[in-house]
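>>> with the sequence up front, the predicted model follows.
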Amino acid sequence: MSTLMNTYGERTLTLVKGEGSRVWDDAGNSYIDGISGIAVCGLGHSHPAVTRAITEQAGTLLHVSNLYNIPPQRELADKLCQASGMEKVFFSNSGAEANEAAIKLARKYGNDKGIENPTVVVMNSAFHGRTMATLTATGNSKVQEGFAPLLPGFVRAPFNDVAAIEVLAAEHKNIVAVLVEPVQGEGGVRVPASDYLNKLRELCDRHEWLLMLDEIQTGNGRTGQYFAYQHNGIKPDVVTTAKGLGNGVPIGACLTYGKASEVFGPGNHGSTFGGNPLACHAACAVVDALDRNMLDQVAERGEQIRATLAQSIGELEQVVEIRGHGLMIGIELSEPCPGLVAKARELGLLINVTAGNTIRLLPTFVMTDEETDELVNGIIALVEAL
């Protein structure tokens, strides 16, 4: 009997090694990693600069707590603010914790303004985490099942529907913020209208709400900009990120700008491990590697993959839509495809199915042309065989 809690179901594949875009199992079989640890290892596995940073910091100082100044933490905050245009950073250990910080910040923002029961607008089909607040904010009844009572303080709108939020504004005078993913990942790689974030920015400005963007999955280069909102030329009040920030080392961040930067004071929030020397030094190496050339390569590679898929399988009756942004790609199928992940493994590919019927690809940013062809040709073969 396993001593691990059965929270992930049966796992039949054991991975023991990774390099670049490839991983190997305990039998020596090689796979193209088409999900990179669910959007975590954007720079690939065993990236030399990240490995070097981890090794250097592990031999120097692992942890001291936030009772003291941590030079790598200050350095990483500066790098993130420079990359994002934001002003302040709170470091956590995960994306869920970064979103918890954002939700707490929104509530304090409302309470400081004298708003009773401050409320956050969240979206249908959203995914923000599995802590109690982020689970409530998540728009998936399946993952919420069994955890009632959920928390108050949230109202829900359809994704990509600004008019619906205007209706909520008329009905709820205690709204203080909108929390939204620029692209819904777990919801099926749903890409909104190109001006959706711009309209949300205008709406939040008009109502004096905070615009809070969950870029846990879209951040750190995944869409071809450091953050997805930078495609729109706007700036949020709050942006959260994690996943790719540490390229496998657990770290999350909640970034703020303007009025949101003045909400938290000493004692309002904290974390024992958040922003420790090891995680921050590794993340500094990641941010440094995500230069303009790398981001342009992500955008170009994503366009190339989507164009090839559209040309090869886009007209098949079993394909509803091929969509995405950068190297965040979804292939929506007309029927659920529960066995597709196992079939992909037989071809030496690691993929993911989300929302029941959408193949989600989140490949590394360092794929070679040959590895890209191997991934794309494998996907084409899988879909054609359905």
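Great, that's in hand. What you see is a predicted model, and the numbers here were worked out from it, not measured in a lab. Numbering: from 1, shown residues only.

>>> can you give me the helices for the stretch 1-150 of the chain?
Using DSSP state H, counting those that start in this stretch, the helices of the stretch 1-150 of the chain run over residues 36-39, 48-58, 71-84, 95-112, 132-137, 141-144.

>>> the one residue sitting closest to the centre of the chain: what secondary structure?
Closest to where the C-alpha atoms of the chain average out (CA atoms, centre = their mean) is Gln217, at 1.4 Å. When classified by DSSP: H, G, I helix; E, B strand; the rest coil, Gln217 comes out as coil.

>>> and the residue nearest to Glu384 when sequence neighbours are not counted, how far from Leu386?
Take Glu384 and drop its neighbours on the chain: the residue closest to it by CB to CB, 6 or more residues apart in numbering is Ile313, 6.5 Å away. All C-beta atoms are positioned from the backbone trio N, CA, C, and that covers glycine. Distance of Ile313 to Leu386, computed by CB to CB, to the nearest Å: 10 Å.

>>> between these two, which one's more packed in?
Ile313 (19 against 16; other CB atoms under 10 Å).

>>> hmm, Val383 and the more buried one touching each other?
Yes - shown here, Ile313 and Val383 form a contact pair, counting by CB atoms under 8 Å, at 4.8 Å.

>>> touching both of these two, which residues are there?
Residues touching both Ile313 and Val383 by CB atoms under 8 Å, 6 or more residues apart in numbering: 319, 331.

>>> can you give me the helices in the stretch 251-386 of the chain?
With DSSP H, counting those that start in this stretch as the criterion, the stretch 251-386 of the chain has helices at 277-289, 292-313, 340-346, 369-384.

>>> from the ones you listed, which stretch is densest packed?
helix 277-289 (a mean of 23; mean count of other CB atoms under 10 Å).

>>> need the contact partners of it.
Outside of helix 277-289, the residues within contact range by CB under 8 Å, 6+ apart are 42-43, 47, 49-50, 52-54, 56-58, 60-64, 70-73, 75-76, 79-80, 83, 91, 93, 220, 244-247, 249-251, 273.

>>> of those, buried ones?
The neighbour-count test (16 or more other CB atoms under 10 Å) applied to those identifies 42-43, 47, 50, 53-54, 57, 70, 72-73, 76, 79-80, 83, 91, 93, 220, 244-247, 249-251, 273 as buried.

>>> what's the nearest residue to Ala157 if we skip its chain neighbours?
Spatial nearest neighbour of Ala157, excluding adjacent residues (CB to CB, 6+ apart): Ala164 at 4.4 Å.

>>> now do the one you found against Asn124, distance only.
9 Å.

>>> Val64 too?
For Val64 relative to Asn124 (CB to CB), the value is 43 Å.

>>> with Leu15 instead?
Going from Leu15 to Asn124 by CB to CB gives 34 Å.

>>> re earlier: for Asp296, find the nearest of the helices of the stretch 1-150 of the chain.
Proximity to Asp296, assessed across the helices of the stretch 1-150 of the chain by CB to CB, is greatest for helix 71-84 (14.8 Å).

>>> from the contact counts, what lies against that closest one?
When contacts are defined as 3 or more CB pairs under 8 Å, 6 or more residues apart in numbering; DSSP states H and E, helix 71-84 packs onto strand 88-92, strand 252-256, helix 277-289.

>>> I'd say Thr354 and Gly188 touch.
Yes - with contact defined as CB under 8 Å, Thr354 counts as touching Gly188 (5.8 Å).

>>> of the two, which one has the most company?
Using other CB under 10 Å, the more surrounded residue of Thr354 and Gly188 is Gly188, with 21 against 18.

>>> ok, Leu200 - how many residues close by?
Count around Leu200 with other CB under 10 Å applied: 24.

>>> give the other helices and strands that the host helix or strand of it contacts.
Using DSSP states H and E, Leu200 maps to helix 196-207. Applying 3+ CB pairs under 8 Å, 6+ apart, we find helix 196-207 packed against helix 162-171, strand 175-180, strand 210-214.
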